[in-house]
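A.B. asks: the sequence and its predicted three-dimensional model are supplied below.
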Amino acid sequence: MREYYDDRIVALSARLVTPFIQLFALYVVFHGHYSPGGGFQGGAMLAASFLLIRLSIGTEAAQLQFRRTWGTPGSSIGTLVFLGTGLVVVFFGFNFLDYAGLPLGLPEPELRNLGILAVEIGVAVAVAATLTAIYDDLVGERPAAHHAGVEQATDLEEADQVEGPAWHEPAPEAGDG
């Protein structure tokens, strides 16, 4: 098992496609309060773009785009944005997530528009950070050291398949059974 697929064409393709995936993910997040889609879908697409880079050029090189240490803080910040948007209106006597109660001094339609946008952004940040952190946790701190034994075992298995096993079980005879 490899940490990433070591191929120049795959790496170049991933680097070219990733900005477009991220741009479309941001479109989904920002357009989500007008149409289907929104925070979860946009966050999942952002995470997919981060994971595409991790799988194509390696986890260590992908740290420039989204650092391993940003997973938990990003999840927390996204959750706090969602929760904060809902709770701030409670302190002003409105129901949880009733965006008309946001204390910004704007007309009610604009308050609702900004409130749902804040919630969508919070959800997108939380989802993208959480999914990326799950991948990073599964790979581990030093993926190359983690997979070193697996590479060696795979090479031995391939050699066995080419050369055949060193010993064979006797085939059962037709009368046994």
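C.D. replies: Looks like it came in fine. Everything numeric in this text was worked out from a predicted model, so none of it was measured.

A.B. asks: quick one, helices of this structure?
C.D. replies: Ranges of helices in the chain, per DSSP state H, are 8-31, 39-57, 71-90, 108-139, 143-163.

A.B. asks: CSV for these, including mean neighbour count, distance to residue 99 and mean pLDDT?
C.D. replies: C-betas here are computed from N, CA, C, even on glycine. Below are the helices of the chain laid out as CSV (neighbours: other CB atoms under 10 Å; distance: least, CB to CB, whole Å; pLDDT from 0 to 100):
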stretch, mean neighbour count, distance to residue 99, mean pLDDT
helix 8-31, 15, 16, 91
helix 39-57, 22, 15, 91
helix 71-90, 17, 7, 92
helix 108-139, 19, 3, 90
helix 143-163, 11, 43, 51
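
A.B. asks: a markdown table for the ones you listed, including distance to residue 101?
C.D. replies: What follows is the helices of the chain, written out as a markdown table (distance: least, CB to CB, whole Å):
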| stretch | distance to residue 101 |
| --- | --- |
| helix 8-31 | 23 |
| helix 39-57 | 21 |
| helix 71-90 | 3 |
| helix 108-139 | 8 |
| helix 143-163 | 47 |
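
A.B. asks: quick one: closest of the ones you listed to residue 65.
C.D. replies: Counting by CB to CB, residue 65 lies closest to helix 39-57 out of these; the figure is 5.6 Å.

A.B. asks: list of residues touching that closest one?
C.D. replies: Defining contact as CB atoms under 8 Å, 6 or more residues apart in numbering, one finds that helix 39-57 is touched by 4-5, 10-11, 13-15, 17-18, 21-22, 24-29, 32, 61-62, 65-66, 78, 119-132, 135, 139.

A.B. asks: and if you look at stretch 114-125?
C.D. replies: Under CB under 8 Å, 6+ apart, the answer for stretch 114-125 is 25, 29-30, 32-33, 38-40, 42-43, 46, 74-75, 77-86, 89, 97, 99, 102, 104, 106.

A.B. asks: that's all I had, so thanks and see you.
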